[in-house]
Every structure is written in C-alpha cells, then in structure tokens.
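>>> test case, fold it:
(2 chains)
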2 protein chains.
Amino acid sequence: MRRRAQRGHYDRATIDAVLDEALVCHLAVPGDDGPIVLPTGFVRIGDEVVVHGAAANHLLRLAAEGRPVCVAVTLLDGLVLARSAYSHSMNYRCVVVFGRARVVEGEEKERALTAFVEKVVPGRSNEARPPSPSELAATLVLAVPLDEASAKVRTGPPNDTEADMALDVWAGVIPFHLVRGEPVPDSAEAGA
Amino acid sequence: MRRRAQRGHYDRATIDAVLDEALVCHLAVPGDDGPIVLPTGFVRIGDEVVVHGAAANHLLRLAAEGRPVCVAVTLLDGLVLARSAYSHSMNYRCVVVFGRARVVEGEEKERALTAFVEKVVPGRSNEARPPSPSELAATLVLAVPLDEASAKVRTGPPNDTEADMALDVWAGVIPFHLVRGEPVPDSAEAGA
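Next up is the predicted model:
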C-alpha cells in the first residue's frame, strides 16, 4: 500500500467510520528490544480508541506506563489487478493513531467494557452476565486519544499508465466481503 | 485476545499456514517519537516474511536501516459469545515475528515481487507486465527472518465457568468468512 498524498484523510467522519466498522486493531508499544505488536479487539468511545486485556499482559502494562503507542486499524476491501505488476494494489481503509494511553478505571471502565460488547453484538450487554469485581480487577482498560489520528483510503479501479492500457491483460477489482456465518451454538445450547 | 499459554504455537506448519493465507501484515518500526505501524501486503518466501513499498516510504526506510521490527499477521475467524461478558472472546489465528529486515536486491528482488503477485492471484505474474528497471528502483523490498516467530490460535466454543453454564443466555460462535466477490472490470475492460 503505497503512500500517496491524495489517500490521506484527517476528517473525523472518515476516521470514525473505519474505527466503528473494524473489530480488531494492532497496538504497537516500544518494548525494551524493539516494538511489540498486539492484535486486539477495540471500540471507539467518543474521541478515544479503547482496548482491554488481561491486567497481567506485558504489552498493555508497557502502554499503561505511558510509553508512546501506535494503533493501526485496517479494513481490506479488495484486490486491485492492473495491467502491470507494478500498479497492482489493494483497496483498503486504514486508520493510524499515535498517542499515549491512559488507564480507564471505575464506572468508566465498566461502561467501556459494555461498549465493547455492544459494538460486537448490539444488545448483548443486556443478556450476558456483567463482569464481577474480580473480573474487572483482572482486566486492564486503556484509552488512546484520537488527536493524532489519520486515515488512508484507496478505492476504485487500477491506475494503469496510458501505455499499459493497450496491453491485453484483464484489469479491475476483486472485492472482499467479511461475512458473518450462521451462529454455531455451543454443546450446552445444542443439547438444550 | 487474552494471552493464554495453551494458545501459543511455535511450529512452522502453524505459522506458515497463517502467513500463507493472510494478505495483509502490520509492520511496526521504532520511529523517533515512538513506534510506527504500516499495514501492507506481504508474502512468505521460505524462512522470511517479505514486504515491499515505495522506496521513499519513511517507515520502510527506517526498517531498512536495521532497526528492530515487529510484524503481526492476524486472521479473524469468529466472535465467541459466552454467557458472561468477561468470557467473550474472538476466534483468531495470529503470527508475530520479531527481527531485523534486510534489503532484498537484484534478481532476488524480482523473484520476491513475482511471488507477491502470485500469492494474491496465482498465475497473474504470467499475464501482467513485469516491472521495468525504473519501477524496480522505485520499490523497496525487505525480508524479515522467521527465527523469532510465534503463532497464537483460539478456536472452538466459549469457555464459560461451571456456575455461568446455568444462565439462560445463548452461547456459541459466530464465524467470519472473508469472501472474494465477483470481479469488477475497469472501464476499459467493460467497454471492450
């Protein structure tokens, strides 16, 4: 995915749309021997990206210390097949956020975890048993502000050069769709 | 995605299967003010993960300097809906590689770019025009060894506690499938 100036977007509507559709982000923190990346679920709440995980998680603890982090969220929309190998590309929407995380606690922490469940399956937080005090204590919730967020978006057909347009090679886009399949009940459900 | 010891895999068959299925990786390098992450296409070639991009790309240039990098590859397989909010999870397969990149040049560079096109659409490298010398010069190809690679995999149903199994809440998995849609020819194709 090559950087091109015209692919950059900084408006919040574009950024929020990507963040609200994607379920997984990649969170990078500086470890002692180089960066460490963790793929993890997340939810945007207002002007922040919120992640959570085990309170013992090494990477989350480093982020909680206030080290600079980078959060990347990518949606792959299609393969762009050009007439030249060089002009092959992908259609995608991606957001990158730079910042430092703050630890979310108390009632705000509970609301953040509820928002995460609601994002994944709306209505679910009214059904599932809410977290107990010990489960809350075992969970670390971090929020990264969107102050330094940007989006990059590529859409549309390939960009072949004039000269390459004469080549007898199929060109176009193969779109990708992330599809939710039929729910698979667990064995207790299936036996009920 | 919580870390659990039993989710770790270090065998190459597991690692290679994830790398060979996924199309996008997240590459992190230490920038001057913290880590920077780039989502980008990649291909596994033998014992290395190979990425490429514009030779002018800031992040790739930092990686080419020999800074320590981290490459993460994630496949999201499903949502795991448990009876408790806390036990909600995702099914996923993920590989994380730590290492330093080497710059790939000469004939090896051409072969790497061919391998990338072949991964995305097998057979395509015999159809598309191969890169010209100036296109090759404008492209930076980097390879990161798999010496320090590990996989984490979560599969199967939710893990509710004994006590939670009595709750009257649906539990199971909603699988995800990444589907390739109908190819969309570009305007020249469509008009041909």
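
>>> for A:G66, what are its contacts?
Residues near A:G66 by C-beta atoms under 8 Å, 6 or more residues apart in numbering or on different chains: A:100-101. Using the backbone N, CA and C atoms, a C-beta is placed for each residue, glycine as well.

>>> again, only this time at 10 Å
A:100-103 (C-beta atoms under 10 Å, 6 or more residues apart in numbering or on different chains).

>>> how near is it to B:F116?
Relative to B:F116, A:G66 is positioned 38 Å away (C-beta to C-beta, to the nearest Å).

>>> circling back: list buried residues within the contacts of A:G66.
Neighbour counting by 16 or more other C-beta atoms under 10 Å in any protein chain shown classes A:A101 among the contacts of A:G66 as buried.

>>> can you narrow the contacts of A:G66 to ones near chain B?
Among the contacts of A:G66, the ones lying near chain B by C-beta under 10 Å from any C-beta of the partner chain are A:R100.

>>> does stretch A:12-30 reach chain B?
Yes. For stretch A:12-30, a contact with chain B is found by C-beta under 10 Å from any C-beta, at A:22-30.

>>> what mean pLDDT does the longest helix belonging to chain A get?
Secondary structure of chain A read by DSSP state H shows that its longest helix is helix A:106-120. Mean pLDDT, computed over helix A:106-120, is 97.

>>> and chain B, is it touching that?
Yes. On the criterion C-beta under 10 Å from any C-beta, helix A:106-120 is in touch with chain B at A:110, A:113-114, A:116-117, A:120.

>>> let me have those residues in TSV, extended by neighbour count.
Converted to TSV, the residues of helix A:106-120 next to chain B look like this (neighbours: other C-beta atoms under 10 Å in any protein chain shown):
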residue	neighbour count
A:E110	16
A:L113	23
A:T114	18
A:F116	21
A:V117	23
A:V120	18
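
>>> among these, which two are most distant?
The largest separation in the residues of helix A:106-120 next to chain B, counting by C-beta to C-beta, is between A:E110 and A:V120 at 16.4 Å.

>>> count the neighbours of A:V50 for me.
Each residue near A:V50 was counted by other C-beta atoms under 10 Å in any protein chain shown, and the total is 24.

>>> could you give the angle of the helix or strand where it lies to helix A:106-120?
Remark: A:V50 resides in strand A:48-54, with elements defined by DSSP states H and E. Comparing the axes of strand A:48-54 and helix A:106-120 via axes from the mean of the first three to the mean of the last three C-alpha atoms, to 10 degrees yields an angle of 100 degrees.

>>> partners of strand A:48-54, with directions?
Partner strands for strand A:48-54, per DSSP bridges, with pairing direction: strand A:34-45 (antiparallel), strand A:139-145 (antiparallel).

>>> centre of the chain versus it, how much separation?
Strand A:48-54 has its C-alpha centroid displaced from the chain centroid by 11 Å (C-alpha atoms, centre = their mean, to the nearest Å).

>>> ok, back up a step: which strands and helices sit next to the longest helix of chain A?
helix A:12-21, strand A:34-45, strand A:48-54, helix A:133-137, strand A:139-145, strand B:68-81 (3 or more C-beta pairs under 10 Å, 6 or more residues apart in numbering or on different chains; DSSP states H and E).

>>> same thing but 6 Å
strand A:34-45 (3 or more C-beta pairs under 6 Å, 6 or more residues apart in numbering or on different chains; DSSP states H and E).

>>> look up phi and psi at the residue lying farthest from the centre of chain A.
Within chain A, A:A166 marks the point farthest from the mean C-alpha position, 39.2 Å out by C-alpha atoms, centre = their mean. The phi/psi pair for A:A166 (degrees, to the nearest 10) reads phi -80, psi -10.

>>> ok, it to chain B distance?
Distance of A:A166 to chain B, computed by C-beta to the nearest C-beta, to the nearest Å: 10 Å.

>>> hmm, back to that, can I get the strands paired with strand A:48-54 in CSV including mean neighbour count and mean pLDDT?
Shown next, in CSV, are those (neighbours: other C-beta atoms under 10 Å in any protein chain shown; pLDDT from 0 to 100):
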stretch, mean neighbour count, mean pLDDT
strand A:34-45, 23, 97
strand A:139-145, 22, 98
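
>>> right, and those strands - which one's nearest B:R7?
Per C-beta to C-beta, nearest to B:R7 of those: strand A:34-45, 12.4 Å.

>>> can you tell me the helix or strand for A:A56?
Counting by DSSP H and E, no helix or strand carries A:A56.
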